[in-house]
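> Here is a sequence with its predicted model. Questions after.
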Amino acid sequence: MAVLELQNITKRFGSAAAVDDVSFEVQRGEILALLGPSGCGKTTTLRMIAGFEWPDEGRIFIGGDDMELRQPYERNVGLVFQDYALFPHMSVAQNIAFGMKNRGVKRAEIGRRVAEALEQVQLPGMESRRPSALSGGQQQRVALARALVTRPDIMLLDEPLSNLDAKLRLQLRREIRTILGTFGCTSIIVTHDQEEAMGLADRIVLMNKGRIEQIDTPHALYQTPRTLFAADFIGHANWIGGMLSRRGGEAGVVKTALGEIPVMSGDLGDGPATLCIRPERLSLLDAAARPDTALDAVVERHDLTGADLRIWSRLADGTLVQSLEKNVGRHLPEPGTAVRLGFRMADCVVLPGRRPQA
Ligand SMILES: Nc1ncnc2c1ncn2[C@@H]1O[C@H](COP(=O)(O)OP(=O)(O)OP(=O)(O)O)[C@@H](O)[C@H]1O
């Protein structure tokens, strides 16, 4: 059974819908990320689950119970915010114990759970420190422990890593995943950072302008985006616009300024379409290569990122495309060299509509 279910939730501020007909479920033990650009409605969605905002339409169920008349303190949720929100005058142990005291947990049990949580968030021996004597990463682990020890039905984390520097973010991201996994806690994490969502979540709810664009595993969202927005928001992509004509079954062809490109059209109908090809799926051809499709291009520049080489080339219609090659000492064509870039039909996604020129 789903631990959390949102059914057709809409929330308006004035006449504008911040969240527009949003529905999803979260299964027990699952980590779900709410991902999307600033202002897309992630935090409003989280606040409605916590009970700090009330939906104008739709229903929220936690553990099968309708939350319509439940105040925040009557919902068994754990909260972690980006600014930690620890009590500065309390020790680490007192901070962690706080929620349990309010819920009437017995004293001996509180002591046991605090010690256990400190082990699990890797802060043993720090129980009597004040938050001001901890690093940002340590403070966030205390905040996690404080929420987890109350054994919530669901943990809600709002941009939990955004106050930390890049290296610490990566380290704590892994730790949070391990800690949430250890507790087996059903969790929702709000983030605008796609790498964070991909690294932390079992599934991602991708939002745009208050609506859900796609709900999928990180892998599926990257490999098979279903909209131009999803393909654009997650990772890098090359785009070729044209008109799709179906040829029976899944086979189709997109007529472009570069010629006809054979594609797998899925269930798309005839009309404007855009091909999305990830840079690692577009490769500089050597003589033996037999791709489904090859495009003429002229190399413009290379960017070395260490293990990878990003090669920027211009297609005959003026489109700039990027391809990614492993930096394995292979001789690469100099800028100005005419090349062929190949890809397989199965590696390119056909999306409905045309992408506005960037
Ligand atoms: N209390 C409020 N009153 C009026 N408008 C609001 C209020 N809270 C949010 N909004 C608006 O609702 C929309 C969604 O906001 P929300 O904070 O949910 O987005 P978000 O995806 O979490 O963005 P961010 O990543 O910037 O926090 C925005 O247009 C925002 O300005």
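Received the coordinates, thanks. None of these values were measured; they are calculated from a predicted model. Residues are numbered from 1 along each chain as shown.
> Tell me who's in contact with the residue nearest to residue 303 when sequence neighbours are not counted.
Spatially, and ignoring its direct neighbours in sequence, residue 303 is nearest to residue 310 (4.3 Å; C-beta to C-beta, 6 or more residues apart in numbering). Any C-beta I mention is one placed from the backbone N, CA and C, and that applies to glycine too. Residues in contact with residue 310 (C-beta atoms under 8 Å, 6 or more residues apart in numbering) are 279, 302, 303, 304, 322, 323, 324.
> Can you spell out which residues form a bridge with residue 310?
For residue 310, the beta-bridge assignment (DSSP bridges) gives partners residue 303, residue 324.
> Check the offset of stretch 144-155 from the chain's centre.
Between the mean C-alpha point of stretch 144-155 and the mean C-alpha point of its chain there is a distance of 22 Å (C-alpha atoms, centre = their mean, to the nearest Å).
> list the buried ones in that stretch?
Of the residues in stretch 144-155, those scored as buried under the neighbour-count criterion (16 or more other C-beta atoms under 10 Å) are 144, 145, 146, 147, 148, 149, 150, 152, 153, 154, 155.
> Rounded mean pLDDT for that stretch, please.
The predicted model gives stretch 144-155 an average pLDDT of 90.
> Please list the residues of this structure that sit near the ligand.
Within reach of the ligand by C-beta under 6 Å from any ligand atom, the chain has these residues: 13, 18, 36, 38, 39, 40, 41, 42, 43, 44, 192.
> Could you list the low-pLDDT ranges of the stretch 1-150 of the chain?
In the prediction, the stretch 1-150 of the chain carries residues with pLDDT under 70 at positions 84.
> residue ranges of the strands in it, please?
Taking DSSP state E, counting those that start in this stretch to define them, one finds strands in the stretch 1-150 of the chain at 2-13, 16-27, 31-35, 57-62, 65-66, 77-80.
> Just give the strands next to the fourth one in its sheet, each with its orientation.
Taking DSSP bridges as the criterion, strand 57-62 forms sheet pairs with strand 2-13 (antiparallel), strand 65-66 (antiparallel).
> so residue 24 touches residue 215, yeah?
Yes - the criterion here is C-beta atoms under 8 Å, and residue 24 meets it with residue 215 at 5.8 Å.
> Need the overlap of contacts for the two.
Shared between the contact lists of residue 24 and residue 215 (criterion: C-beta under 8 Å, 6+ apart) are residues residue 205.
> can you list the domains in the protein?
Following automatic domain parsing, one gets these domains for the chain: 2-228, 236-352.
> most neighbours per residue, which of those?
domain 2-228 (a mean of 18; mean count of other C-beta atoms under 10 Å).
> which residues touch the longest helix belonging to the chain?
In the chain, ranked by residue count with DSSP state H as the criterion, the top helix is helix 166-183. Helix 166-183 is contacted by residues 31, 120-122, 135-137, 140-141, 144, 148, 155, 157, 160-161, 164, 187, 196, 199-200 when judged by C-beta under 8 Å, 6+ apart.
> Give me the angle between it and strand 31-35.
For helix 166-183 and strand 31-35, the angle between their directions (axes from the mean of the first three to the mean of the last three C-alpha atoms, to 10 degrees) works out to 140 degrees.
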